[in-house]
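Engineer: I need the structure of the sequence given here:
(3 chains)
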Amino acid sequence: MRSRSLAAAACGLSIALLTAACGSGGNAAPASASSKSLTVWLMDGDLTADSVKAVNAAFEQATGAKVTVQIQEWADINARISTALAQDNPPDVIDLGNTDVPLFAANGGLADLTADRADLTAGQQWLPGLVDPATVDGKLYAAPLFAGNRAVVYNKALWAKAGITAPPTTFAEFTQDLDALKASNPAPNFSAIYLPGQYWFAALQFIWDAGGQLATKDGSGKWTGQLESAAAQRGLTAWKDFQNAYSPAASRNVDIKNPDQDAMFAQGSAATVVDSTVNTILKDNPGMKDQIGTFAFPSVTQPGHSQPVFLGGSDLAVAAKSRNRQLALAYLKTAASPAIQTSAVVGTDHWTPVSTQLLDSAVSQLPPTSAAFLQAAHSSVGTPATAGWATVESDLSINQFFADVATGRKTPAQAAKDFDAHLDHALNAAS
Amino acid sequence: MSNRVVLSDRPPRSDRPTPSPSPGGRRAPSSHRPASPRRILLNAAAVLFCLVWIFPVYWMVNTAFKPYGDILRPTPHFLPVPFSLANFTDAVSKPGFLTDLGNSLLLTLAVVLLAVGVAFFAAVGLTRFRFAGRRAYLVAVLVLQMVPLPALVIPVFLSLKSAHLLNSLLGLALTYVAVVLPFTIWTLRGFLHGIPVELEEAAMVDGANRMTVVRLVLLPLMAPGIIATSVFAFITAWNDYLFADVLMKDQGHQTLPVWLVSFSTSTGTDYGGLIAAATISALPVVVFFMLIQRRLVAGMTAGAVKD
Amino acid sequence: MAATREPRSLPYLLLLPATAVLALVLGYPLARLGVISFQDYGLRSLFTGRVGWAGPDNYLAVWRDPQLVPVLLRTAGFCAALVLGTLAIGLVVAMMMMRLGPRLRRAVTLCLIASWAMPPAAGTLVWQWLFQPVYGVANWALSRIGLFGDLTQHDWTTSPTSAFALVWLLVVWQSVPFVALTLYAGLSQIPRSYYEAAALDGAGGWTAFRVITLPFLRPILALVTILSVIWDFNVFTQIWILTQGGPNQGTTTLGIWSFTKAFSSNSFGQGAAVAVVSILLLLVLTLYYLRRLLRSGEEL
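Structural biologist: Presented below is the predicted three-dimensional model:
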């Protein structure tokens, strides 16, 4: 029976493992159950630390509650939010990209805020691009935090070197300017404009500009992809011609991150980019502060107008399983309030504010580079407000679609046919 | 038998009682030959191989030490001149580094100890006893090795949720232990197989009990095998991103690979910081490997050799 | 045999901890994966716990998907290319190490270990970096060699073939160390007297390799092959970061397919069905080895 000690050891190990497993079950019980504490998930790069501090201070002053903010990274964010919302003690407030709200709302992950709408808006008129995706089947599931859209960002010094003194107002002027830039900078890694093929936010502007649409919804609620339409095809071809002519060949199959277009701009190897903020460039190269100019992307079809832009941005939602619903609502209200919007969202972070009223009142506060972003925001379009849209973004099929066209792997017609089929499936599938 | 753990520059030795030549005859035959065209060719091939294989590692370190503006250059600079530590200071000062590093160290240590301990018992059971279902057990363990891990994320999440082990380092540690167990059991089992049972029996006749035999006879002999499997467990626990990301909701419970991903944001990737962070994260593994590399190679033979 | 003296329950007790962990953390989820593959399991189920049965619908959907056959062929072909490449290079390196002097041998070992120790995510990142258009040092070097023209603007992920080549290089770079070091350890256990005897009998290098090296290495080769097949069949991180399965799903393998079905389309049921199919396929591929395992005697 000498073996007893060995058996006992093995047995002991199993018991230790199991009891440790069970024991920790008790510890895992939520600390947030205590009534006066709120957990908020904010996305990295949305609000600056100063703005978060301002929101939290206002909230804590109004409610006397404590707030814990956890900054989340973008990589695989939907999987993380999905599993967080599935838990019994989810974060109370979640910052969601506006196009992702329908996915979580339609599947029962978010609390219905319809009854509190009047309280949350406080009389403001929220921007449709932010509030439409947050509305599913007539019910409100999120309050807007800020808006963001894209404009052309250019390096004043490089443009001046090419003999250009004023930003273009028409598409024809714009292409002339880019021709001049190309002519004055023969270096192989120089880009007159760097516009990556997978950068679908920018590519969509050409389609909308030509009168095309991504998809339409019929009376029965069924979505149909519309990229094969004549208007969308014109826009797609115009985008391809522009991209191929002025952005380097190496950019046809890549996204904005790899290589990093902001870094290229900050180093002066790209004279022009399309971007949603100049903050990243300034972080890369603070010395460029007075060297950056912006203008809204000129329309190809209507001289004197600018292209419609994709209105991105973030919304704040309350988890359906949150145990602190009232406090969470108070946080949403604080963040969307005119005071915070004016001082923090616009004043500190230079984002586009959430309501039409604020859009007008805020312009005066902004630095000159921000004017173009607000000007562009006046004509904005959203993506299809359906839970299935998130699929198209997260499976990267929309990136592939535009890269297929830019690289010439597919003709615009063939690419559109394939992508429309995918849209028909994806937009109607989820929920 | 103690030569199994002897540190040596020579190739690892067979410790099997079967044909065992004298230690002096262990060196590879051709290493005595004078320089010949064949030898030069061989050495040239070895040098070429080394250059190709080490290049990505060298390039990572080289890039990490370049100042920000030097990273994106169409003409590569093969030495980090001018030299800069800014990427490292940036990376280390990014919030969460120390917490995540601490979590990763704790987690990895726990996984290595648990996995090797649990697998050791199992390996003893599988090699020193004959019982019903032994081979089926072995095959089942191998089949578990075949499961694609990304597909298991949601089921593991649901299971840990039922067990109230979400968001706990213990839950994550158990997950990693389970992930490395099949390989660990197989390797240790094969290794134990090569150790003659007679040794243990002799010790037992001398009055030692089972635990003493394990401690004084088996463990020393199995050191290389234990090291090889520890390395495997170490790498798995240290490098995993997928499970850590989904199973750990609170920031205070996250690990280094999750921190690594935080250099990639919606507005762009901080490549300098990312490469420096990757270097920092690879460092402990490389150092660990270097320290044990000689024993590791010996341990890799594991039980795979069955003569 | 020591076993005769032991109580019959002892081996089971020894296996208890391993079995408990495996059953709870792999076995139960695996069973759950099987169940989910027959369910209409989406985000709503995850949030609310309410699940509907789908019967065989998920499998039928996978069966009818025009992607199925290309994905299967691609997965098998890519796995084969990886296993062959890894084993061939690993074996050559191991045999080279046997013939090297101690210094060069140690240098080779260190290089192997450095690439092995690199976290896969970091390695993948460096790969992206090396082969980046305009700024990648690999593109620069190939252009300098001049054989293929100017490649500085070339993007390797533009076509499925070159994208696969990129992933292949990365995975082989990461997996050769394990194979080479294992085979080297095995080679070094072959008693030298065998070769001496063969040389006396007038056997050449190739004959000695065929008659002594290969038979001796066979068990290690079998183990390394089976592990490589399993690992390479399930390669995920490298493909996901480098190509996300594109262009045009041209690099979508079973693992990527299952992942996008589960996490992009939020159809965990279909994702689970693909995963189950891929486990079954892997079982079929390794059946020969498994049968030998089950049949063979005491050696196992």
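Engineer: Assign residue 221 to helix, strand or coil.
Structural biologist: Here I'm looking at chain A. coil (DSSP: H, G, I helix; E, B strand; the rest coil).
Engineer: Which residues are in contact with it?
Structural biologist: Contacts for residue A:221 (CB atoms under 8 Å, 6 or more residues apart in numbering or on different chains) come out as none. From N, CA and C alone the C-beta is placed, and that goes for glycine too.
Engineer: And the one 5 residues further on, by the same measure?
Structural biologist: Residues near residue A:226 by CB under 8 Å, 6+ apart: A:212, A:213, A:214, A:215, A:216, A:232, A:420.
Engineer: Please apply the same query to residue A:276.
Structural biologist: Residue A:276 touches A:148, A:149, A:150, A:201, A:312, A:373, B:267, counting by CB under 8 Å, 6+ apart.
Engineer: tell me the SS of the fourth one?
Structural biologist: Classification of residue A:201 by three-state DSSP places it in helix.
Engineer: which non-adjacent residue is nearest it?
Structural biologist: residue A:310 (4.9 Å; CB to CB, 6 or more residues apart in numbering or on different chains).
Engineer: give the contact list for that neighbour.
Structural biologist: Residue A:310 neighbours (CB under 8 Å, 6+ apart): A:149, A:150, A:201, A:204, A:205, A:380, A:381, A:382, A:383.
Engineer: Doesn't residue A:68 lie inside a strand?
Structural biologist: Yes. The assignment for residue A:68 (three-state DSSP) places it in a strand.
Engineer: Measure how buried it is and give me the count.
Structural biologist: Neighbourhood size, residue A:68 [other CB atoms under 10 Å in any protein chain shown]: 16.
Engineer: swap in residue B:47?
Structural biologist: Per other CB under 10 Å, the neighbour tally for residue B:47 reads 13.
Engineer: So it: helix, strand or coil?
Structural biologist: helix.
Engineer: Is it in contact with residue C:103, as I believe?
Structural biologist: No. Using CB atoms under 8 Å, residue B:47 is not in contact with residue C:103, being 11.1 Å away.
Engineer: rewinding a little: list the ones among the contacts of residue A:276 that fall in helices.
Structural biologist: The members of these that map onto helices under DSSP state H are A:201, A:373.
Engineer: all strands of the stretch 101-250 of chain B, in order?
Structural biologist: Per DSSP state E, counting those that start in this stretch, the stretch 101-250 of chain B has no strands. Nothing in it meets that criterion.
Engineer: which stretches of it have low pLDDT?
Structural biologist: Filtered on pLDDT under 70, the stretch 101-250 of chain B yields no residues whatsoever.
Engineer: Those residues of it touching chain A, which are they?
Structural biologist: B:114, B:117-118, B:121, B:124, B:153, B:157, B:161, B:163-168, B:170-171, B:174, B:204, B:209-211, B:214, B:245-247, B:249-250 (CB under 8 Å from any CB of the partner chain).
Engineer: one more time with 7 Å
Structural biologist: By CB under 7 Å from any CB of the partner chain, the residues of the stretch 101-250 of chain B that approach chain A are B:117-118, B:121, B:157, B:161, B:163-168, B:170, B:174, B:204, B:209-211, B:214, B:245-246, B:249.
Engineer: returning to that earlier point: could I have the PyMOL command that selects the buried members from the contacts of residue A:276?
Structural biologist: Of the contacts of residue A:276, the buried ones can be selected in PyMOL as follows, counting by 16 or more other CB atoms under 10 Å in any protein chain shown:
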select buried, (chain A and resi 148+149+150+201+312+373) or (chain B and resi 267)
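Engineer: OK, contacts around the residue nearest to residue B:237 when sequence neighbours are not counted?
Structural biologist: Counting by CB to CB, 6+ apart, residue B:237 lies nearest to residue B:111, which is 4.0 Å off, once chain neighbours are set aside. Neighbouring residues of residue B:111 by CB atoms under 7 Å, 6 or more residues apart in numbering or on different chains: B:173, B:176, B:177, B:233, B:237.
Engineer: Let's see the PyMOL selection covering just the buried ones among these.
Structural biologist: The PyMOL selection below is limited to those of the contacts of residue B:111 classed as buried (16+ other CB under 10 Å):
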select buried, chain B and resi 173+176+177+233+237
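Engineer: Looking at the contacts of residue B:111, which are in helices?
Structural biologist: Those of the contacts of residue B:111 lying in helices (DSSP H): B:173, B:176, B:177, B:233, B:237.
Engineer: Identify the farthest-apart pair in those residues.
Structural biologist: Largest separation among those by CB to CB: B:173 and B:233, giving 10.7 Å.
Engineer: which residues does residue C:170 contact?
Structural biologist: C:123, C:124, C:127, C:238.
Engineer: for residue A:97, same thing?
Structural biologist: Residues in contact with residue A:97, defined by CB under 7 Å, 6+ apart, are residue A:314.
Engineer: And it, its phi and psi?
Structural biologist: Dihedral angles of residue A:97 (phi, psi; degrees, to the nearest 10) stand at phi -60, psi 140.
Engineer: For chain A, see how far away residue C:169 is.
Structural biologist: To chain A, residue C:169 is 18 Å away according to CB to the nearest CB, to the nearest Å.
Engineer: gap between residue C:122 and residue C:237?
Structural biologist: 11 Å (CB to CB, to the nearest Å).
Engineer: quick one: which of these two has more around it?
Structural biologist: residue C:122 (25 against 21).
Engineer: Touching, the more buried one and residue B:276? I think so.
Structural biologist: No. In this structure, residue C:122 is not within contact of residue B:276 by CB atoms under 7 Å, at 10.9 Å.
Engineer: And for stretch B:284-292, what's in contact with it?
Structural biologist: Under CB under 7 Å, 6+ apart, the answer for stretch B:284-292 is B:227, B:231, B:234, B:235, B:238, C:113, C:114, C:117, C:119.
Engineer: Based on its surroundings, how many neighbours for the fifth one?
Structural biologist: Neighbouring residues of residue B:238 were enumerated by other CB under 10 Å; the total is 24.
Engineer: need the contact list for the residue nearest to it when sequence neighbours are not counted.
Structural biologist: In space, and not counting its chain neighbours, residue B:238 is closest to residue B:108: 5.0 Å by CB to CB, 6+ apart. Residue B:108 sits next to B:234, B:237, B:238 when contact means CB under 7 Å, 6+ apart.
Engineer: Chain C: which of the residues you listed is nearest?
Structural biologist: Nearest to chain C out of the contacts of residue B:108 is residue B:238 (CB to the nearest CB; 7.1 Å).
Engineer: what about the closest one, distance to residue B:258?
Structural biologist: Per CB to CB, residue B:238 is found 12 Å from residue B:258.
Engineer: before we move on, the earlier item: the residues of the stretch 101-250 of chain B next to chain A also near chain C: which ones?
Structural biologist: Restricting these to those near chain C - CB under 7 Å from any CB - leaves B:118, B:121, B:174.
Engineer: now the first one, nearest residue through space, not along the chain?
Structural biologist: Closest residue to residue B:118 in three dimensions, ignoring its sequence neighbours and counting by CB to CB, 6+ apart: residue C:17, at 4.4 Å.
Engineer: Next, that neighbour: secondary structure please.
Structural biologist: Per three-state DSSP, residue C:17 ends up helix.
Engineer: Check residue A:39 too.
Structural biologist: strand.
Engineer: Can you name the residues that contact the closest residue to chain C within the stretch 301-431 of chain A?
Structural biologist: Distances between the stretch 301-431 of chain A and chain C by CB to the nearest CB are smallest at residue A:395, namely 3.5 Å. By CB under 7 Å, 6+ apart, the contact list for residue A:395 reads C:260, C:264, C:265.
Engineer: pLDDT at it, what is it?
Structural biologist: With respect to pLDDT, residue A:395 scores 84.
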